[in-house]
Structure formats: structure tokens, C-alpha cells
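Visitor: quick one: sequence plus predicted model below, questions after.
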Amino acid sequence: METVDKVSVVRRLAEAKEKSGKSYTEIAAETGLTNVYVAQLLRRQAQLKPDTAPKLRKALPALSDELVNSMMAPPFRSYHPDIIQEPAIYRLNEAVMHFGESIKEIINEEFGDGIMSAIDFYCSIDKIQGVDGKDRVVITFDGKYLPHTEQRTEHMMSKLKREAP
């Protein structure tokens, strides 16, 4: 999908959400998805699955067949390089960078040498009240642990097939 088409589709998806009068969290509750995943769908950063399409259409009646069909195509996942200048995104990036080494050390301590998947991954945003009564943002990253593997030639299928008699 060309960038111009994506911008147009995302604008039309935002209009469908606005017409519904619902928040991402409300749409998430109706569809069984996380609120961040709903936002990803409506920004064309995630693919709408066939089983979820009827639920999303019910939650957002203004979605046309054309929009639903475009949402079911694999998206071109990308971001504009200037997005880091947006204050909320800048602060989120800053928090991950500031706490990143400690997070990595705890992952290694708890799981071993590996990483958190961003593919088999869930993300949600919640609003809670702090002990001081002020609103607080809770961001949950829930990703599958992926251990780094020792790269042994006897486990490398492409080498085994080429070396077979």
C-alpha cells in the first residue's frame, strides 16, 4: 500500500472511530483485543484477522467493506522518523532507554540469555490512581521470551542438507 493510500485509509478509520464515540478501551472490551492492538489496527500497523472482523464491525458500524478488506491485508509496519519529536513518544523512548540496561539484566537473570519478542507480544495501557490520588499511566509489555541459541552446525538444516550424500 502506498503511503498516500495508507494516510487516506488511516484517516477514514479514525473517522469511523470518531463516529462511534467510543474510546480504544471501549472498542477493545467489545472485541476482546487490547486497547493498544485496536489502535494499531486503526493506524494500519496490525492485520485484522477474519474472526475479529465481525466484532470490530459491530463496535464500529461506520467501517465500510472496503476499509475492513484493507485492514485484513498485511500492513506495511512503519513509522515516520519525526515521530520521536512527539512528547509522549519521546518520553516513552526515554523511559525505555533509561531503564533498558536494568530491564535487560533482570530478563537475563530471570530467564537467561535472550530477549522479549515484539511479534508474540501484547501491549495495553491502563489508567490508575496513584497513592497521591493523581492519575498514573500503566503500560504493560507482555512478550514471549526468546532465548538466544548456540549456533551449532549440526542443528543447521541448510548445512545438513547440502552436506548429505
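Guide: Received the coordinates, thanks.

Visitor: what helices or strands is the helix or strand residue 115 falls within leaning on?
Guide: Using DSSP states H and E, residue 115 sits within strand 114-129. Strand 114-129 is packed against helix 35-42, helix 87-111, strand 135-147, with contacts defined by 3 or more C-beta pairs under 8 Å, 6 or more residues apart in numbering; DSSP states H and E. Where you see a C-beta, it was placed from the backbone N, CA and C, and this is true even at glycine.

Visitor: and the nearest residue to residue 92 once chain neighbours are set aside, bridged to which residues?
Guide: Distances taken as C-beta to C-beta, 6 or more residues apart in numbering place residue 139 nearest to residue 92, at 7.5 Å, with adjacent residues excluded. Counting by DSSP bridges, residue 139 is bridged to residue 125.

Visitor: counting neighbours, what do you get for residue 139?
Guide: For residue 139, the neighbour count with other C-beta atoms under 10 Å is 12.

Visitor: could you check how far it is from residue 128?
Guide: According to C-beta to C-beta, to the nearest Å, residue 139 and residue 128 sit 11 Å apart.

Visitor: same check on residue 35?
Guide: Distance from residue 35 to residue 128, by C-beta to C-beta: 14 Å.

Visitor: wait, isn't residue 112 in contact with residue 147?
Guide: Yes - the pair residue 112 and residue 147 qualifies as a contact (C-beta atoms under 8 Å) at a distance of 5.7 Å.

Visitor: helices or strands next to the helix or strand containing residue 54 in the packing?
Guide: According to DSSP H and E, residue 54 maps onto helix 53-59. The helices and strands touching helix 53-59, judged by 3+ C-beta pairs under 8 Å, 6+ apart, are helix 24-31, helix 65-72.

Visitor: neighbour-wise, which of residue 35 and residue 128 wins?
Guide: residue 35 (18 against 8).

Visitor: got any ranges where the protein has weak pLDDT?
Guide: Regions of the chain meeting the criterion pLDDT under 70 cover residues 1-4, 161-165.

Visitor: for residue 72, which non-adjacent residue is closest in space?
Guide: residue 48 (5.0 Å).

Visitor: confirm that neighbour sits in a strand?
Guide: No - counting by DSSP: H, G, I helix; E, B strand; the rest coil, residue 48 is not found in a strand; it is coil.

Visitor: go ahead and confirm it touches residue 74.
Guide: No - Residue 48 is beyond contact range of residue 74, at 10.4 Å (criterion: C-beta under 8 Å).

Visitor: how many residues are close by residue 33?
Guide: Residue 33: 24 neighbours (other C-beta under 10 Å).
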